[in-house]
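Chemist: whatever this is, show me its structure:
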Amino acid sequence: ARQAIDFQLNEVGRLFALALSLRDEKTDTKAVAQARYLLSYVYMRQRKSFDAIILAQYCMTTDRLNDPDSALSATEIAIEAAVQAFNDAGTDKKFELDLLKGICELIVEQYPQSARGNEARIRLGQVYRDLNEPLNAANTYLTVPSDYSEYGSARMQAGQSYWLAWVMAMSDIESGVQPEKDEETVKKWKTDAAGLMLEGITAARAKLGANAKPTPEIAAAEVSLATINNMNGQFAETIKRLNAGGANSVLKLLEVAKGQARPETGITSSAFAGQAYRLLLRAYVGTQKVAEALQTMNKLEAVGGQD
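Modeler: Next comes the predicted model:
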């Protein structure tokens, strides 16, 4: 089956390339744009990522007047091919990451009001996080408009980015390195992180509807928010939020079937579940709820996430 697909892709790619080589000034410009877009898709499927990126980027930039639909569709190919190139790269991925960043920035610039532009904003925010530029990530996520379907996600990620910036600043201070920003600015990052995560969680839960299980992204934001709440002495808020929803609570989402091994990563991993239970344990101790604290300690020991 794989050989048949590869043969078909090679033949389709050959025909599109031949068609483009035969064009002249009388050739329909819309047909040329469509051929370019479709050839970029073939290149991507063949894992010729850089060929796909070059052609898709040309199409989305040059063919915007000749065929807006093909040009807009090419933005998706450009991003997917860049992500593919990043995934296929070796240990040093800086070139591919910078390439993905440039493509996302170009899409946001050329298609600012489109859904693809918003997809690029969210992708660009993640790229900035991968580059250890959390403030740029936060600023990018904050440009996602409220009428976009993933607005809640963007607000949560903006909050997570501010939280990362604060954590990095605190780490620098502990190492004897003074942050570039003043103390009040750094302090505001933590405040903004909590506010944005709360706003994003609220929007994302409203989108899911009542009695729906939280997504892993929501669970991660709730745990980060619980960390901040505990630091601020808001232990009752941590207890309430982690337990909210009963069978659909964040804590229930962390459970695995009896005898089932926990994965290495993700919200059901020992590391993440252990972090959540440690935060809950600290909150119960802080509110002097001894019985609940003991129960939580047992759960913490069971997941193997204790310190």
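Chemist: which residues of the stretch 151-300 of the chain score low on pLDDT?
Modeler: Counting by pLDDT under 70, the stretch 151-300 of the chain shows no low-confidence range.
Chemist: now do the SS call for the residue nearest to Thr140 when sequence neighbours are not counted.
Modeler: Using C-beta to C-beta, 6 or more residues apart in numbering and skipping residues adjacent in sequence, the residue nearest Thr140 is Gly125, 4.3 Å away. The way it works is simple: take the backbone N, C-alpha and C, and place the C-beta from them, glycine included. Each residue gets one of three states, and Gly125 gets helix by DSSP: H, G, I helix; E, B strand; the rest coil.
Chemist: is it true that Gly125 touches Ala154?
Modeler: Yes. Between Gly125 and Ala154 there is a contact under C-beta atoms under 8 Å: 7.4 Å.
Chemist: what about the residue nearest to Thr140, neighbour count?
Modeler: By other C-beta atoms under 10 Å, the residues close to Gly125 number 28.
Chemist: and the gap between it and Tyr41?
Modeler: 26 Å (C-beta to C-beta, to the nearest Å).
Chemist: do Pro216 as well
Modeler: 30 Å.
Chemist: the two: who's more crowded?
Modeler: A direct count of neighbours by other C-beta under 10 Å for Pro216 and Tyr41 places Tyr41 higher, at 23 against 13.
Chemist: how about the contacts made by the residue nearest to Thr140?
Modeler: Residues in contact with Gly125 (C-beta atoms under 8 Å, 6 or more residues apart in numbering) are Ala137, Ala138, Thr140, Tyr141, Ala154, Gln157, Ala158, Ser161.
Chemist: now do the contacts for the third one.
Modeler: What that stands for is Thr140. Arg121, Leu124, Gly125, Tyr128.
Chemist: one more pass at 10 Å, please.
Modeler: 104-105, 108, 120-129, 133, 154, 157-158, 161 (C-beta atoms under 10 Å, 6 or more residues apart in numbering).
Chemist: tell me how far it lies from Ser146.
Modeler: In terms of C-beta to C-beta, Thr140 sits 16 Å off from Ser146.
Chemist: spatially central, which residue of the chain would that be?
Modeler: Gln126 (5.3 Å; C-alpha atoms, centre = their mean).
Chemist: didn't it look like it was pressed against Ala138?
Modeler: No. Using C-beta atoms under 10 Å, Gln126 is not in contact with Ala138, being 11.8 Å away.
Chemist: what do these two both touch?
Modeler: Gln157, Ser161.
Chemist: quick one: name whatever helix or strand follows the lengthiest helix in the chain.
Modeler: Ranked by residue count and defined by DSSP state H, the top helix of the chain is helix 183-208. Sequence-wise, the next helix or strand downstream of helix 183-208 (DSSP states H and E) is helix 216-231.
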